[in-house]
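Asker: model this:
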Amino acid sequence: MIAFTGTESSSKGATWLMDKDGTHIRRAISFQSESTFYPSWFPDNERILEMVADDSTLRTVDIRNGTISRINTTPALMTGMASVSPDGKWIAVAAQPKKTQIYDQTLNQIWIVSVDTGKAHPLIQNTMQGRAPEWSPDGSRIVFESNQGSPRPPFYAAFVSTIDGQHVEQLTPFDRNTQHPVWSPDGKWIAFSARTPKLIGYGPSIAVIEAPYWKP
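Answerer: Reported below is the predicted structural model:
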């Protein structure tokens, strides 16, 4: 089953489901008043993690009965895109401490959140901007995009980190403007959206690189 963000007649985002052959398209829950994005499956295939755009928080949805549970983080965070770990115990999320500011995704770091307690800590202790995290299939690493050190701040590169944040490696050059890196199911490859030279100028494309072989 595939989960994705979609809209109907309204402008509010919602999580939709469909079978892998593209049929049986339906809402994950029949009705909702909030706008949600970035669904990520729990390993039980019965719950989905979502980001609630209305207040930049996280919640889980049980697709069997529509039960919704908020994830209250400590410290309080304003969140963006998030990913559930392969064992279902942790969430990697692009976020920033909630104060009085307007949410600005360019200020996000990658945070690790306990599903059970909501306790959160930055993945990398030395402040590092980051977005669009995803766990490796074995749960040992996280790939994400960042413009940390970019000579052109709008341009991003892919980085990978061990889950203790002690080993961080840049995988792509900033001039490719890497977006939304994802792991292959066997953990050997990383695919991403990239800025690619065309016959005239540049354009977006999907690129693939070998994942780093090191493990913690």
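Asker: okay, CA-based contacts and neighbour counts for the rest of this
Answerer: Noted.
Asker: run through this protein and note the low-pLDDT ranges.
Answerer: 9-11, 197-203, 214-216 (pLDDT under 70).
Asker: how near is F42 to F192?
Answerer: According to C-alpha to C-alpha, to the nearest Å, F42 and F192 sit 22 Å apart.
Asker: same deal with G88?
Answerer: Separation of G88 from F192 (C-alpha to C-alpha): 24 Å.
Asker: more crowded one of these two?
Answerer: F192 (20 against 17; other C-alpha atoms under 10 Å).
Asker: each with direction, which strands does the helix or strand harbouring that one pair with?
Answerer: F192 is part of strand 189-197 when elements are defined by DSSP states H and E. Strand pairing for strand 189-197, using DSSP bridges, gives strand 179-183 (antiparallel), strand 202-210 (antiparallel).
Asker: most packed of these?
Answerer: strand 179-183 (a mean of 22; mean count of other C-alpha atoms under 10 Å).
Asker: leaving out the residues flanking it, which one is nearest to K89?
Answerer: Nearest residue to K89 in three dimensions, chain neighbours excluded: V115, at 5.4 Å (C-alpha to C-alpha, 6 or more residues apart in numbering).
Asker: any idea how many residues pack against the one you found?
Answerer: Counted with other C-alpha under 10 Å, the neighbours of V115 add up to 18.
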